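Student: Please find the sequence and the predicted model below.
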Protein chains: 2
Amino acid sequence: MLATATHESRPMHVTRADVSHNCRSCPARARSACAGAAADELDRLAGLVTPQQLMQGDTLIEEGDEATHVFTITAGSMKIYKLLPDGRRQVTGFLFQGDFLGLAFNDCYTYSAEALTDTTVCRFARPAFESFVEDRPAMERRLRIMASNELAAAQDQMVLLGRKTAQERVASFLLSLVYRQERLGREGKAIRLTMTRNDIADYLGLTIETVSRSFSALRGLGIIELDSSTLVRIPNRARLAAIAEIAS
Amino acid sequence: MLATATHESRPMHVTRADVSHNCRSCPARARSACAGAAADELDRLAGLVTPQQLMQGDTLIEEGDEATHVFTITAGSMKIYKLLPDGRRQVTGFLFQGDFLGLAFNDCYTYSAEALTDTTVCRFARPAFESFVEDRPAMERRLRIMASNELAAAQDQMVLLGRKTAQERVASFLLSLVYRQERLGREGKAIRLTMTRNDIADYLGLTIETVSRSFSALRGLGIIELDSSTLVRIPNRARLAAIAEIAS
DNA sequence: CGGGAAGTTGAAGAGCGTCAAAAGTAGTGG
DNA sequence: CCACTACTTTTGACGCTCTTCAACTTCCCG
C-alpha cells in the first residue's frame, strides 16, 4: 500500500466514493484515455479499475520495476523522472488530471512517478487493460492520439533542453502552464506551482539556483510577479511569449 | 516535385520498380507501420502509396506546412528538426529504413525532414491512410506501439540533453547507433555516420567544435577509432557504454 | 592540382554550475 | 501567540564547461 493513512485533515479533491467503480461521473474522463470508450462500455471499464489515493511525495511507480499496471490521474498532479546511475535526475514531465501513465512502458517502467500534491489515480491491471483496448479500436485510436501529442510535446522539450537559454526555458515552462490552465477552462493570469524549484530545475536541465535567478530576472523585467514562491502572476503574456521564443 | 532529376550516376539502394505498388517485397515492411497490415491487405495498402526518391539534401517536409501526407522510409536516412525564430536548430531525430514520419503531426507538420543520403520513401495521402488505419485495428495498434517506442526514446533524449556532459552525449549517441545497427542484424564493431558534425551537434545540443573535441577525446582514450571522419570503429563497447552512463 | 566545404584544434570569454550564506516559509510545541 | 527548528528559496562569489571566434588541416569533386 502506498497510501495507507487516513488523512481527513487534508482536502481531497475527489473522495474515494466518487471515483470507485463509476467512470460515468469521472471528472477526468473527457480528456483521459477513457474518452475512447463508448458510453455503454463505461461500466465494464469501471470493473477493471481500482481507485488509489496518493499523498504528496508518494511514489506511484519506480523505474525498472515490472510494469504491472497503468494509471489515469483523476485529480492532483505528479512528476515523472529518470535517474542516471550517479543520481543526476531528469524530470521528463509533469502530469495532471486526465493524463495517462502507461503509454511508454515496455516490460518494465521506464520512469518513476511521484505525487506532487495529494493525488487520485485510477489503477488498471495491465493485461486486463490491454485486452479491453484490443477489443475496442476507438480506445486504441485514442491512445495513439495521446501518444502522438505526447511525442510532439517531447520534441518541443528537446528544443528547450538543447537550444534555449535558462531564461527562455523558464519562460517557456511558465507559458506552457498558462496554456494548460486555459485548456482546462480557467484563467491564465495567475499560476499556482505545485512543484518545487528543484523539480523545475530537473525538468529544465538547470540547477535550482539558476531557476531561482531566472525567476528573479523575469520579475526584474516586469514580466512575472511572485506573490509567493509558488504563485506566479503574468500581467502581460505577450512579453512572456516573446522571451520563450514562441516556438514552444 | 521535390526530387525531379533523374540521377543514374548515384547508387540507389532501391530502384523505382522495386518499390512502386508492391508492399509484399518491401524490405522495410517488417519494421515499419505497414507491419500492422495483414498479408492479404498489402495490395490494397500498395494502392495508396506513391514511392518517392530523394537526393541527399532534399527537403521532404517543412515545419508549418499543411500536413497532407505521411511517409515510411524504405531506404536511406533522414534527419528531422525544428527551428527557433532566430535560426537555432534542434535535430529531434535521425530516421532510417522502416521509420515512419507522421506520428506526431496535427494539422501542420511540426518539424522539417531532410534526406541525409539518397533516400526512398513511401508517400501516403493522409486522409486515405487514416481511413485505411481506421478500418484496421491491428494497424492502429502498430502505430500506437511505434509512438510509444518513440516516446520512450524521446525521454531518453531528454535525459541526454538535460543532464549529460558533452562526452557522455557523444558516447550515448554512438552507442545508440551501434544498437540500432545490431537490431538490423549487422555487426556493431564499426559505424558509418551518414550525418555531418553539424547535424550531430544540433542533435546533441552542442556546437560542432565541442562534438569534434569529444570525438577526439574519445579517440585519445582509445574508446573509438576514426578511420575517417564518418567511419567510427568501436573496439570495446563496454568502455563506451560506461562513459555513456548506460541508462540511455 | 585547386578551390570550397567539412572537420579539427587553439585561445579567450560567457553562461551556467558549485559552494556558501542569508532570507523567507512552514510546522511544532511551549 | 511567539519562539524554535527545519526546509525551501534567494542571493553572492567564484570556477568550470562549453561556446565563440579564428586559424589550420583534411577531404572531396571538378
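Tutor: Looks like it came in fine. Numbers count the residues shown, from 1 in each chain, chains lettered A, B, ... in the order given.

Student: mind listing what the residue lying closest to A:L95 once chain neighbours are set aside touches?
Tutor: Leaving aside its chain neighbours, A:L95 sits nearest to A:M78 (4.6 Å; criterion: Cβ to Cβ, 6 or more residues apart in numbering or on different chains). (Each C-beta comes from the backbone N, C-alpha and C, glycine too.) Residues in contact with A:M78 (Cβ atoms under 8 Å, 6 or more residues apart in numbering or on different chains) are A:L54, A:L60, A:F94, A:L95, A:D99, A:L101, A:A113, A:E114, A:A115, A:L116, A:T119.

Student: Could you rerun that using 7 Å?
Tutor: Counting by Cβ atoms under 7 Å, 6 or more residues apart in numbering or on different chains, A:M78 touches A:L60, A:L95, A:A113, A:E114, A:A115, A:L116, A:T119.

Student: Strands of chain A, start to end?
Tutor: For chain A, the strands defined by DSSP state E cover A:49-54, A:59-61, A:69-75, A:78-83, A:89-95, A:100-101, A:112-115, A:119-125, A:190-192, A:225-228, A:231-233.

Student: nearest to A:S32, of these?
Tutor: Set against A:S32 and scored by Cβ to Cβ, the strands of chain A come closest in strand A:69-75, at 4.8 Å.

Student: Quickly run through the sheet partners of that closest one, with directions.
Tutor: With DSSP bridges as the test, strand A:69-75 is paired with strand A:100-101 (antiparallel), strand A:119-125 (antiparallel).

Student: Would you format those strands as TSV with mean neighbour count included?
Tutor: Below are the strands paired with strand A:69-75 laid out as TSV (neighbours: other Cβ atoms under 10 Å in any protein chain shown):
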stretch	mean neighbour count
strand A:100-101	23
strand A:119-125	23
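
Student: and the nearest residue to A:P235 once chain neighbours are set aside, what are its bridge partners?
Tutor: Nearest in space to A:P235, with sequence neighbours left out and distances taken as Cβ to Cβ, 6+ apart, is A:E225 at 6.6 Å. For A:E225, the beta-bridge partners under DSSP bridges are A:R233.

Student: For A:E225, give me the pLDDT.
Tutor: Looking at A:E225, its pLDDT stands at 96.

Student: ditto for A:T15
Tutor: 40.

Student: Roughly how far does the residue positioned nearest the centre of chain A sit from A:L221?
Tutor: Residue closest to the average C-alpha location in chain A (Cα atoms, centre = their mean): A:L95, at 0.5 Å. With the distance defined as Cβ to Cβ, to the nearest Å, A:L95 ends up 30 Å from A:L221.

Student: tell me the phi and psi of A:L221?
Tutor: phi -80, psi 0 (degrees, to the nearest 10).

Student: Neighbours of it, how many?
Tutor: 12 (other Cβ atoms under 10 Å in any protein chain shown).

Student: What residues does chain A have near DNA strand D?
Tutor: Counting by Cβ under 7 Å from any atom of the strand, chain A comes close to DNA strand D at A:196-198, A:208-209, A:211-213, A:215-216, A:226, A:229-230.

Student: ok, so of those residues, who is nearest DNA strand C?
Tutor: A:E209 (3.9 Å; Cβ to the nearest atom of the strand).

Student: Count the residues that sit near the closest one.
Tutor: The number of residues near A:E209, taken as other Cβ under 10 Å, comes to 10.

Student: again with A:D65
Tutor: Quick note: A:D65 (other Cβ under 10 Å) scores 11 neighbours.

Student: which residues touch it?
Tutor: Counting by Cβ under 7 Å, 6+ apart, the residues that A:D65 touches are A:C108, A:Y109.

Student: residue in chain A nearest to DNA strand C?
Tutor: For chain A, Cβ to the nearest atom of the strand, closest residue to DNA strand C: A:T210, 3.1 Å.

Student: That residue against A:A166, yeah?
Tutor: Yes: between A:T210 and A:A166 there is a contact at 5.0 Å, judged by Cβ atoms under 7 Å.

Student: Find the nearest non-adjacent residue to A:E182, please.
Tutor: A:G188 (4.5 Å).

Student: just checking, that neighbour touches A:R180?
Tutor: No: under the criterion of Cβ under 7 Å, A:G188 makes no contact with A:R180, lying 9.0 Å away.

Student: So which bits of the longest helix along chain A are buried?
Tutor: Under DSSP state H, the helix in chain A containing the largest number of residues is helix A:137-163. Going by neighbour count (16 or more other Cβ atoms under 10 Å in any protein chain shown), the buried part of helix A:137-163 is A:137-148, A:150-163.

Student: quick one: it near chain B?
Tutor: Yes: Helix A:137-163 is in contact with chain B by Cβ under 7 Å from any Cβ of the partner chain, via A:137, A:140-141, A:143-144, A:147-148, A:150-152, A:154-155, A:157-159, A:161-163.
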